[in-house]
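Engineer: Whatever this is, show me its structure:
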Amino acid sequence: MKFTCDHRTCCLYFQMLFVGLLGILVAPGLPYNINVNDDNNMNGSGQQSVSINNQHNVANVDNNNGWDSWNSLWDYENSYAATRLFAKKSCIVHKMNKNVMPSLQDLGTLAKEQKGKGPEGASPKELMYSINPTRVEDLSTFGTKISGMCQGIPTYVAEEIPGPNQPFYSKKCYTANILWILRMSFCGTSEEMY
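Structural biologist: Alright, predicted model coming up:
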């Protein structure tokens, strides 16, 4: 069987094939968003969205809940994360615990799975951090992405508290629940500090 086509038809087939293959190869690197709405504002969670950019190896989580809003940037390339707490007018930077925090690929999958479940889904993993009261002077050590997010804002470094969460921190912590996947608590010696 002989395949024949005119020049125009062959060019059209080739273009469609090329665009299809290009889409398959490029799509994994393009950024995408996952929005999670809590219309009933259960547990004060407000509305959250996750933006994942595989090309830049970064995830951005926004929690819009009035004065308790926050933004978290996870820089997988440099293994640092930062959370900007709008109520506290500060930025908290910490090392990413890759044993607890999901990978960039898993974050998208988990967020999509939890989207319809909300707080009724599986219990979130938990991380607790102790905030160092000394302000960070040089943000460049955390990479350009986090430096750009925390520029001009009082910034502090937090160290993970290993093992079971310690009860004496419970009343002096700011907690960020990320899509019912991960609960991060930032604790200090006084609430005014951060």
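
Engineer: Could I get the buried residue list for the lengthiest strand in the chain?
Structural biologist: Assignment by DSSP state E gives strand 125-135 as the longest strand of the chain. Within strand 125-135, the residues that count as buried by 16 or more other Cβ atoms under 10 Å are 127-132. Backbone N, C-alpha and C define where each C-beta goes, glycine included.

Engineer: In this protein, mark out all the helices, start to finish.
Structural biologist: Taking DSSP state H as the criterion, the chain contains helices spanning 7-26, 104-114, 144-150.

Engineer: Going by mean pLDDT, which of those helices comes out lowest?
Structural biologist: Lowest mean pLDDT within the helices of the chain: helix 7-26, a mean of 42.

Engineer: that older thread, now the longest strand of the chain: mean pLDDT?
Structural biologist: Strand 125-135 carries an average pLDDT of 92.

Engineer: now for it, which elements pack on it?
Structural biologist: strand 90-95, strand 155-160, strand 182-187 (3 or more Cβ pairs under 8 Å, 6 or more residues apart in numbering; DSSP states H and E).

Engineer: possible to save these as JSON lines with mean neighbour count, mean pLDDT and distance to W67?
Structural biologist: Converted to JSON lines, those look like this (neighbours: other Cβ atoms under 10 Å; pLDDT from 0 to 100; distance: least, Cβ to Cβ, whole Å):
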{"stretch": "strand 90-95", "mean neighbour count": "22", "mean pLDDT": "96", "distance to W67": "14"}
{"stretch": "strand 155-160", "mean neighbour count": "19", "mean pLDDT": "95", "distance to W67": "20"}
{"stretch": "strand 182-187", "mean neighbour count": "22", "mean pLDDT": "89", "distance to W67": "16"}
